[in-house]
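*Asks:* structure for this input, please:
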Amino acid sequence: MTKITVDRLRRGMVLSSDVVDRSGLKLLPSGTVITDHYMQSLREWGIYQVEVVDRQDRGQGQGDDMISRGIKVAKKFSPLPMDDPLVSYLYDRALKRPVDPTKGESFISRPVGSRGKGIPSYLSVMQLLESHPDLVSLPDVYYRIVECLKSPISSSSDLAAVVGMDTNLTARLLRLVNSPVYSPSSPVNTVARAITLLGAKQLSTLALGVSVISIFDDLSPEYLTMEEFWRHSLATAIIAKLIAKDLKLDQELLFTGGTLHDLGRLIMVERMPFQMEAAIYLSYSKQTPLYEAEREAVGFDHGRVGGKLLKMWGIPDPLQSIVRFHHNPAMAKGLELEANVIALSDMIAIALDIGTSGSKVMPPMKFSGKIAPWLSPEHLDRWIDQAESQIDGAMEFFSFGSNRPSQTHKPLV
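*Replies:* Prediction:
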């Protein structure tokens, strides 16, 4: 490690220690890859010298992990302003995580031409959805549950009987309510007790999420494993549920919204692989969020697909809107806060590489109103730490654990 004056810094150098001001406030974390923007900021902050990883260290193999991690994180965060406290916090936390060698850059380094760049979208959103025979409707049991809930003469035992008709749904729901996500005081062994624990409304919402997973968990798109996709989705869901608890919002609604927020992308990757390869390349090469690249390469984004699918299934608001507009919460009229919670949870999962649904560039972060006071390191630490302690358990209870057969796939990036 070498101390160097700021005037001698060059793009691509990597900080080997934190940069702090005279009061000890951290300005840039160790592992940051130097860019023109950071060099200018250091001058404005009055920083005279910094410590960087030197050539001798690199030649001896020292600091390689720091360099790899720093480059990867810097690319992901490059569109965002580092002087934003939330961005700085997530950047710092991301740098402390180990590099996953299975998530390399081989996809991005291949030539673009054979991967469909510029291929126009030949399907409308409805044509895309109708091209998938399994998407015509949800399993019948979900609609039976909804009808049972609407009936004024139905009892909890009637509802339990309906759920019990589907052994797969029963098993998954019991796994879920016994998982760390809910942490019951004693094991829940019957559907009737699960209904008592969750309540009828919550059961309906969770049954929707479980039913959707049952449709898609056997798919194996070439560039995305179901395990990594659902890990990202469940991480988003668990974080959203924790935030909802603090903000006194509907926890089950936001858990299900988090679970389903990228459902449209899964359909697009599976049914439009060449166009989605082009979108992923455009996102990475232009350093723009993947949902914006989807619009350029395909003609619409995954939020629109997911929202349309829920509408096709007869799923009303608020779930339809928070899935449709989780990348544009201001459009979710009357549900802006809920859509913002999904957006924040999604960003945290992307920043920390908890699973993946394809995003390798951070989306913009603009939060205000009721959610803004909660964006302190203390709250963020608690949400992230609690979520990470629950994710493996939730994956196992959703049947995406270590006993699930492995899938071979080409890396997205």
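
*Asks:* strands of the protein, start to end?
*Replies:* Assignment of strands within the chain using DSSP state E yields the ranges 2-5, 19-20, 26-28, 49-52.

*Asks:* and the ones you listed: which comes nearest Val87?
*Replies:* strand 26-28 (11.9 Å; CB to CB). (C-beta placed from N, C-alpha, C; glycine too.)

*Asks:* hmm, who's touching stretch 28-45?
*Replies:* 6, 9-19, 21, 27, 50, 52, 66, 69-71, 73-74, 78, 82-83, 88, 91-92, 95 (CB atoms under 8 Å, 6 or more residues apart in numbering).

*Asks:* and the strands of the chain, which is most packed in?
*Replies:* The highest mean neighbour count among those, using mean count of other CB atoms under 10 Å, belongs to strand 49-52: a mean of 19.

*Asks:* ok, and what's touching that one?
*Replies:* 1-6, 9, 13-17, 19, 34, 42.

*Asks:* so where's the stretch 301-413 of the chain uncertain?
*Replies:* 397-413 (pLDDT under 70).

*Asks:* what ranges does it have for its helices?
*Replies:* 302-312, 319-324, 336-351, 377-397 (DSSP state H, counting those that start in this stretch).

*Asks:* redo those helices as TSV? Include mean neighbour count and distance to Lys286.
*Replies:* TSV is the format used below for the helices of the stretch 301-413 of the chain (neighbours: other CB atoms under 10 Å; distance: least, CB to CB, whole Å):
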stretch	mean neighbour count	distance to Lys286
helix 302-312	23	18
helix 319-324	26	24
helix 336-351	25	17
helix 377-397	17	29
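
*Asks:* out of the ones you listed, flag the one nearest Arg172.
*Replies:* Among the helices of the stretch 301-413 of the chain, if distance is taken as CB to CB, the winner is helix 377-397, at 7.7 Å.

*Asks:* kindly calculate the angle that that closest one makes with helix 336-351.
*Replies:* 80 degrees (axes from the mean of the first three to the mean of the last three CA atoms, to 10 degrees).

*Asks:* any chance you could list what contacts helix 377-397?
*Replies:* Counting by CB under 8 Å, 6+ apart, 86, 89-90, 93, 172, 175-176, 178-181, 227, 230-231, 234-235, 237-239, 242-243, 246, 348, 352, 354, 401-403 sit against helix 377-397.

*Asks:* so which of the helices of the stretch 301-413 of the chain is nearest Leu290?
*Replies:* Of all the helices of the stretch 301-413 of the chain, it is helix 302-312 that lies closest to Leu290, at 8.3 Å by CB to CB.

*Asks:* hmm, who's touching that closest one?
*Replies:* Contacts of helix 302-312 (CB under 8 Å, 6+ apart): 125-126, 128-129, 135, 260-265, 267-268, 291, 294, 319-321, 323-328.

*Asks:* give me the neighbour count for the closest residue to Val163 other than its chain neighbours.
*Replies:* Spatially, and ignoring its direct neighbours in sequence, Val163 is nearest to Val191 (4.8 Å; CB to CB, 6 or more residues apart in numbering). Burial of Val191 is recorded as 22 neighbouring residues (other CB atoms under 10 Å).

*Asks:* tell me how far the residue sitting nearest the centre point of the chain lies from Ser233.
*Replies:* Per CA atoms, centre = their mean, the C-alpha nearest to the average position across the chain is that of Asp346, at 3.9 Å. Per CB to CB, to the nearest Å, Asp346 is found 9 Å from Ser233.

*Asks:* anything in contact with each of those two?
*Replies:* Counting by CB under 8 Å, 6+ apart, the residues touching both Asp346 and Ser233 are Gly258, His261, Asp262.

*Asks:* what's the local residue count around the first one?
*Replies:* So the one you mean is Gly258. 30.

*Asks:* residues in contact with it?
*Replies:* Ser233, Leu234, Thr236, Ala237, Ile238, Ile239, Ala240, Lys241, Ile342, Ser345, Asp346.

*Asks:* how about it, nearest residue that isn't a chain neighbour?
*Replies:* Ala237 (3.2 Å).

*Asks:* now do the last one
*Replies:* Closest residue in space to Asp262, ignoring its immediate chain neighbours: Ser357 at 4.3 Å, by CB to CB, 6+ apart.

*Asks:* ramachandran coordinates for the one you found?
*Replies:* phi -120, psi 20 (degrees, to the nearest 10).

*Asks:* can you pull out the helices in the stretch 51-200 of the chain?
*Replies:* Under DSSP H, counting those that start in this stretch, the stretch 51-200 of the chain gives helices at 55-59, 64-77, 85-95, 106-109, 125-130, 140-150, 156-164, 167-177, 191-198, 200-216.

*Asks:* that older thread, distance-wise, check the residue nearest to the residue nearest to the centre of the chain when sequence neighbours are not counted relative to Pro373.
*Replies:* Distance criterion CB to CB, 6+ apart; nearest residue to Asp346, sequence neighbours excluded, is Thr236 at 5.0 Å. Thr236 is 22 Å from Pro373, where distance means CB to CB.

*Asks:* likewise for Ser78?
*Replies:* For Ser78, the distance to Pro373 - CB to CB - is 28 Å.

*Asks:* narrow the contacts of Gly258 to those in helices?
*Replies:* Among the contacts of Gly258, DSSP state H puts Ser233, Leu234, Thr236, Ala237, Ile238, Ile239, Ala240, Lys241, Ile342, Ser345, Asp346 in helices.

*Asks:* and of those residues, the nearest to Leu197?
*Replies:* Lys241 (15.0 Å).

*Asks:* contacting residues for the residue nearest to that closest one when sequence neighbours are not counted?
*Replies:* Leaving out its chain neighbours, the residue that sits closest to Lys241 by CB to CB, 6+ apart is Phe255, at 4.2 Å. Going by CB under 8 Å, 6+ apart, Phe255 touches Val181, Thr205, Leu206, Gly209, Ala237, Ile238, Ala240, Lys241, Ala244.

*Asks:* can you list the weak-confidence ranges in the stretch 151-300 of the chain?
*Replies:* 217-223.

*Asks:* mind putting the helices of the stretch 51-200 of the chain in a markdown table, distance to Ser285 included?
*Replies:* Output for those, formatted as a markdown table (distance: least, CB to CB, whole Å):
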| stretch | distance to Ser285 |
| --- | --- |
| helix 55-59 | 26 |
| helix 64-77 | 11 |
| helix 85-95 | 21 |
| helix 106-109 | 7 |
| helix 125-130 | 25 |
| helix 140-150 | 41 |
| helix 156-164 | 48 |
| helix 167-177 | 39 |
| helix 191-198 | 45 |
| helix 200-216 | 29 |
